[in-house]
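> below is the structure, and that's it, no one-letter string:
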Ligand SMILES: Nc1ncnc2c1ncn2[C@@H]1O[C@H](COP(=O)(O)OP(=O)(O)O)[C@@H](O)[C@H]1O
Ligand SMILES: Nc1ncnc2c1ncn2[C@H]1C[C@H](O)[C@@H](COP(=O)(O)OP(=O)(O)O)O1
Ligand SMILES: [Mg+2]
(Lines give C-alpha, C1' and ligand atoms only; values in the text may rest on other atoms or scores of the structure.)
(Ligands and ions follow the chains in the order given, each with its own letter.)
Protein backbone atom coordinates (compact mmCIF):
# COMPACT_ATOMS: atom_id res chain seq x y z
CA UNK A 1 0.00 0.00 0.00
CA UNK A 2 1.32 3.46 -0.90
CA UNK A 3 2.17 5.65 2.07
CA UNK A 4 -0.44 8.28 2.91
CA UNK A 5 0.58 11.85 2.01
CA UNK A 6 0.28 13.73 5.30
CA UNK A 7 1.42 17.10 3.93
CA UNK A 8 -1.99 18.84 4.21
CA UNK A 9 -2.31 17.69 7.82
CA UNK A 10 1.17 18.86 8.79
CA UNK A 11 0.72 22.16 6.97
CA UNK A 12 -2.57 22.84 8.75
CA UNK A 13 -0.62 22.51 12.04
CA UNK A 14 -3.81 22.63 14.14
CA UNK A 15 -3.69 21.66 17.84
CA UNK A 16 -4.02 17.99 18.72
CA UNK A 17 -5.24 16.69 22.08
CA UNK A 18 -5.02 13.04 23.10
CA UNK A 19 -7.91 11.86 25.29
CA UNK A 20 -7.12 8.82 27.41
CA UNK A 21 -8.78 6.94 30.25
CA UNK A 22 -10.09 3.51 31.10
CA UNK A 23 -13.10 2.00 29.37
CA UNK A 24 -16.16 3.92 30.56
CA UNK A 25 -14.14 6.82 31.98
CA UNK A 26 -16.27 9.32 30.05
CA UNK A 27 -13.98 10.11 27.13
CA UNK A 28 -16.82 10.18 24.58
CA UNK A 29 -19.13 12.09 26.90
CA UNK A 30 -16.59 14.86 27.54
CA UNK A 31 -15.51 14.98 23.88
CA UNK A 32 -19.10 15.71 22.81
CA UNK A 33 -19.13 18.69 25.16
CA UNK A 34 -15.70 19.89 24.04
CA UNK A 35 -16.82 19.77 20.39
CA UNK A 36 -19.91 21.84 21.20
CA UNK A 37 -17.81 24.53 22.93
CA UNK A 38 -14.54 24.63 20.96
CA UNK A 39 -15.52 23.21 17.54
CA UNK A 40 -12.66 20.71 17.42
CA UNK A 41 -12.95 17.51 15.38
CA UNK A 42 -13.61 14.47 17.58
CA UNK A 43 -12.11 11.21 16.35
CA UNK A 44 -12.64 8.12 18.50
CA UNK A 45 -10.35 5.26 17.51
CA UNK A 46 -13.00 2.84 18.81
CA UNK A 47 -15.67 4.45 16.60
CA UNK A 48 -13.35 4.36 13.56
CA UNK A 49 -12.75 0.65 14.20
CA UNK A 50 -16.47 -0.07 14.71
CA UNK A 51 -17.17 1.72 11.39
CA UNK A 52 -14.56 -0.49 9.73
CA UNK A 53 -16.23 -3.60 11.20
CA UNK A 54 -19.67 -2.37 10.08
CA UNK A 55 -18.37 -1.87 6.54
CA UNK A 56 -18.03 -5.66 6.27
CA UNK A 57 -14.47 -5.39 4.86
CA UNK A 58 -11.98 -8.23 5.27
CA UNK A 59 -9.98 -6.02 7.60
CA UNK A 60 -13.15 -5.42 9.63
CA UNK A 61 -13.74 -9.16 10.12
CA UNK A 62 -10.31 -9.61 11.69
CA UNK A 63 -10.97 -6.70 14.02
CA UNK A 64 -14.22 -8.10 15.43
CA UNK A 65 -12.51 -10.98 17.20
CA UNK A 66 -9.80 -8.76 18.68
CA UNK A 67 -12.28 -6.20 20.00
CA UNK A 68 -14.58 -8.84 21.48
CA UNK A 69 -11.55 -10.19 23.35
CA UNK A 70 -10.91 -6.73 24.83
CA UNK A 71 -7.47 -6.64 23.21
CA UNK A 72 -5.76 -3.95 21.15
CA UNK A 73 -5.86 -4.06 17.37
CA UNK A 74 -2.52 -3.70 15.55
CA UNK A 75 -1.02 -0.22 15.69
CA UNK A 76 -0.76 0.16 11.90
CA UNK A 77 -4.49 -0.47 11.42
CA UNK A 78 -5.57 2.14 13.96
CA UNK A 79 -3.02 4.74 12.92
CA UNK A 80 -4.01 4.40 9.26
CA UNK A 81 -7.70 4.91 10.10
CA UNK A 82 -6.84 7.92 12.29
CA UNK A 83 -4.65 9.50 9.58
CA UNK A 84 -7.32 9.03 6.90
CA UNK A 85 -9.98 10.60 9.12
CA UNK A 86 -7.70 13.51 10.05
CA UNK A 87 -6.91 14.25 6.41
CA UNK A 88 -10.62 14.31 5.55
CA UNK A 89 -11.32 16.70 8.42
CA UNK A 90 -8.42 19.00 7.53
CA UNK A 91 -9.73 19.25 3.97
CA UNK A 92 -12.96 20.60 5.51
CA UNK A 93 -11.07 23.19 7.61
CA UNK A 94 -10.75 21.46 11.00
CA UNK A 95 -9.65 23.77 13.83
CA UNK A 96 -8.04 21.03 15.89
CA UNK A 97 -8.42 17.41 16.97
CA UNK A 98 -9.55 15.38 19.94
CA UNK A 99 -8.02 11.96 19.45
CA UNK A 100 -10.15 9.81 21.80
CA UNK A 101 -8.98 6.36 22.89
CA UNK A 102 -5.55 6.85 21.34
CA UNK A 103 -2.73 6.26 22.21
CA UNK A 104 -3.51 3.05 24.04
CA UNK A 105 0.09 1.90 24.17
CA UNK A 106 3.24 4.00 24.32
CA UNK A 107 4.37 3.01 20.82
CA UNK A 108 1.12 4.40 19.35
CA UNK A 109 1.86 7.80 20.83
CA UNK A 110 5.48 7.81 19.76
CA UNK A 111 4.64 6.82 16.18
CA UNK A 112 1.77 9.32 15.88
CA UNK A 113 3.89 12.20 17.17
CA UNK A 114 6.84 11.27 14.93
CA UNK A 115 4.76 10.92 11.79
CA UNK A 116 2.19 13.69 12.29
CA UNK A 117 2.97 16.22 15.01
CA UNK A 118 3.29 16.34 18.79
CA UNK A 119 0.11 16.48 20.86
CA UNK A 120 -0.40 19.72 22.72
CA UNK A 121 -1.85 18.08 25.84
CA UNK A 122 -2.99 14.68 26.99
CA UNK A 123 -6.21 14.66 29.01
CA UNK A 124 -6.43 11.61 31.27
CA UNK A 125 -9.78 10.83 32.87
CA UNK A 126 -9.01 9.04 36.11
CA UNK A 127 -11.78 6.75 37.40
CA UNK A 128 -11.68 3.80 39.83
CA UNK A 129 -12.27 0.32 38.41
CA UNK A 130 -15.50 -0.34 40.30
CA UNK A 131 -17.00 2.89 38.92
CA UNK A 132 -15.90 1.96 35.38
CA UNK A 133 -17.58 -1.44 35.67
CA UNK A 134 -20.83 0.11 36.96
CA UNK A 135 -20.90 2.68 34.14
CA UNK A 136 -20.15 0.15 31.42
CA UNK A 137 -22.81 -2.29 32.64
CA UNK A 138 -25.25 0.61 32.59
CA UNK A 139 -24.10 1.64 29.09
CA UNK A 140 -24.52 -2.01 28.00
CA UNK A 141 -28.30 -1.67 28.35
CA UNK A 142 -28.41 0.68 25.35
CA UNK A 143 -25.02 0.67 23.57
CA UNK A 144 -25.43 -2.52 21.55
CA UNK A 145 -21.64 -2.84 21.79
CA UNK A 146 -20.34 -6.41 21.61
CA UNK A 147 -17.65 -5.52 24.18
CA UNK A 148 -20.00 -4.10 26.85
CA UNK A 149 -20.41 -7.37 28.78
CA UNK A 150 -18.78 -8.32 32.06
CA UNK A 151 -16.27 -10.81 30.61
CA UNK A 152 -14.98 -8.41 27.96
CA UNK A 153 -15.07 -5.47 30.38
CA UNK A 154 -12.68 -7.33 32.69
CA UNK A 155 -10.33 -7.99 29.78
CA UNK A 156 -10.49 -4.35 28.68
CA UNK A 157 -9.61 -3.23 32.21
CA UNK A 158 -6.64 -5.58 32.17
CA UNK A 159 -5.51 -4.21 28.79
CA UNK A 160 -5.88 -0.69 30.15
CA UNK A 161 -3.75 -1.43 33.20
CA UNK A 162 -0.98 -3.19 31.33
CA UNK A 163 -0.79 -1.27 28.04
CA UNK A 164 -2.35 2.16 28.61
CA UNK A 165 -1.24 3.10 32.15
CA UNK A 166 2.34 3.37 30.82
CA UNK A 167 1.02 5.95 28.31
CA UNK A 168 -0.09 8.07 31.25
CA UNK A 169 3.36 7.82 32.86
CA UNK A 170 5.06 8.59 29.54
CA UNK A 171 3.22 11.91 29.09
CA UNK A 172 3.47 12.79 32.76
CA UNK A 173 7.26 12.62 32.37
CA UNK A 174 6.99 14.96 29.37
CA UNK A 175 4.91 17.46 31.37
CA UNK A 176 2.01 17.15 28.91
CA UNK A 177 -0.41 15.19 31.09
CA UNK A 178 -3.54 16.71 32.61
CA UNK A 179 -4.89 14.18 35.11
CA UNK A 180 -8.55 14.81 35.85
CA UNK A 181 -10.52 13.10 38.59
CA UNK A 182 -13.50 11.94 36.53
CA UNK A 183 -15.64 10.37 39.27
CA UNK A 184 -17.84 13.46 39.65
CA UNK A 185 -20.72 14.81 37.59
CA UNK A 186 -20.36 15.35 33.84
CA UNK A 187 -20.59 19.14 34.31
CA UNK A 188 -18.06 19.29 37.16
CA UNK A 189 -15.57 17.30 35.09
CA UNK A 190 -16.21 19.53 32.08
CA UNK A 191 -15.43 22.62 34.17
CA UNK A 192 -11.95 21.21 34.86
CA UNK A 193 -11.58 20.27 31.18
CA UNK A 194 -12.41 23.80 30.00
CA UNK A 195 -9.99 25.41 32.45
CA UNK A 196 -7.19 23.31 30.98
CA UNK A 197 -8.22 23.72 27.34
CA UNK A 198 -8.62 27.49 27.73
CA UNK A 199 -5.11 27.69 29.14
CA UNK A 200 -3.70 25.55 26.32
CA UNK A 201 -5.55 27.29 23.48
CA UNK A 202 -4.75 30.81 24.69
CA UNK A 203 -1.12 29.99 23.94
CA UNK A 204 -1.87 28.88 20.36
N1 LIG B 1 -19.24 11.76 34.96
C2 LIG B 1 -20.02 10.70 34.75
N3 LIG B 1 -20.78 10.23 35.74
C4 LIG B 1 -21.57 9.16 35.54
N5 LIG B 1 -21.69 8.50 34.39
C6 LIG B 1 -20.95 8.93 33.36
C7 LIG B 1 -20.07 10.04 33.48
N8 LIG B 1 -19.45 10.23 32.27
C9 LIG B 1 -19.91 9.27 31.46
N10 LIG B 1 -20.82 8.49 32.09
C11 LIG B 1 -21.53 7.35 31.57
O12 LIG B 1 -20.59 6.28 31.56
C13 LIG B 1 -20.68 5.50 30.37
C14 LIG B 1 -19.37 5.53 29.59
O15 LIG B 1 -19.14 6.84 29.10
P16 LIG B 1 -18.42 7.05 27.71
O17 LIG B 1 -18.39 8.53 27.48
O18 LIG B 1 -19.04 6.19 26.66
O19 LIG B 1 -16.94 6.52 28.09
P20 LIG B 1 -15.69 6.05 27.21
O21 LIG B 1 -15.84 6.74 25.87
O22 LIG B 1 -14.52 6.56 27.99
O23 LIG B 1 -15.77 4.56 27.17
C24 LIG B 1 -21.84 6.09 29.58
O25 LIG B 1 -23.00 5.33 29.89
C26 LIG B 1 -21.95 7.52 30.12
O27 LIG B 1 -23.26 8.03 30.02
N1 LIG C 1 -5.95 3.09 19.75
C2 LIG C 1 -6.33 1.81 19.73
N3 LIG C 1 -5.42 0.83 19.55
C4 LIG C 1 -5.77 -0.45 19.53
N5 LIG C 1 -7.03 -0.89 19.70
C6 LIG C 1 -7.97 0.05 19.87
C7 LIG C 1 -7.69 1.43 19.89
N8 LIG C 1 -8.85 2.13 20.09
C9 LIG C 1 -9.81 1.21 20.19
N10 LIG C 1 -9.30 -0.05 20.08
C11 LIG C 1 -10.06 -1.31 20.15
C12 LIG C 1 -9.82 -2.03 21.44
C13 LIG C 1 -10.94 -1.54 22.35
O14 LIG C 1 -11.24 -2.45 23.36
C15 LIG C 1 -12.10 -1.35 21.36
C16 LIG C 1 -13.13 -0.28 21.76
O17 LIG C 1 -12.48 0.97 21.86
P18 LIG C 1 -13.24 2.24 22.51
O19 LIG C 1 -14.54 2.47 21.86
O20 LIG C 1 -12.25 3.39 22.50
O21 LIG C 1 -13.47 1.72 23.98
P22 LIG C 1 -13.84 2.40 25.35
O23 LIG C 1 -15.31 2.68 25.30
O24 LIG C 1 -13.47 1.31 26.27
O25 LIG C 1 -13.02 3.64 25.57
O26 LIG C 1 -11.45 -1.02 20.12
MG1 LIG D 1 -15.78 5.91 23.92
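Cool, got the structure. Every value quoted in this text rests on a predicted model; they were computed, and no experiment measured them. Ligands and ions are numbered 1, 2, ... in the order given.
> give me phi/psi at residue 102?
With angles defined as degrees, to the nearest 10, residue 102 sits at phi -150, psi 140.
> surely it is in contact with residue 113?
No. In this structure, residue 102 is not within contact of residue 113 by Cβ atoms under 8 Å, at 11.4 Å. For glycine as for every other residue, the C-beta is placed from the backbone atoms N, C-alpha and C.
> so which of the two has more stuff around it?
The neighbour count for residue 102 versus residue 113, taken as other Cβ atoms under 10 Å, is higher for residue 102 (24 against 15).
> for the more buried one, which residues are in contact?
Residue 102 makes contacts with 18, 20, 45, 78, 82, 108, 112, as judged by Cβ atoms under 8 Å, 6 or more residues apart in numbering.
> the fourth one: which element?
In this structure, residue 78 is located in helix 75-91 according to DSSP states H and E.
> adjacent strands (with direction) for the next helix or strand after that helix?
Per DSSP H and E, the first helix or strand lying C-terminal to helix 75-91 is strand 97-100. In the sheet, strand 97-100 lines up against strand 16-21 (parallel), strand 41-44 (parallel) (DSSP bridges).
> which of those is buried the deepest?
Among these, strand 16-21 has the highest mean neighbour count (mean count of other Cβ atoms under 10 Å), at a mean of 25.
> and the next helix or strand after that one, what does it pack against?
Using DSSP H and E, the helix or strand that follows strand 16-21 in sequence is helix 27-38. In terms of contacts (3 or more Cβ pairs under 8 Å, 6 or more residues apart in numbering; DSSP states H and E), helix 27-38 is packed against strand 16-21, strand 41-44, strand 97-100, strand 121-126, helix 186-202.
> 10 Å instead, please
strand 16-21, strand 41-44, helix 45-54, strand 97-100, strand 121-126, helix 186-202 (3 or more Cβ pairs under 10 Å, 6 or more residues apart in numbering; DSSP states H and E).
> turn the ones you listed into CSV, including distance to ligand 3 and mean pLDDT.
Putting those into CSV (distance: least, Cβ to the ion, whole Å; pLDDT from 0 to 100) gives the following:
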stretch, distance to ligand 3, mean pLDDT
strand 16-21, 9, 98
strand 41-44, 5, 98
helix 45-54, 5, 96
strand 97-100, 6, 98
strand 121-126, 11, 98
helix 186-202, 14, 96
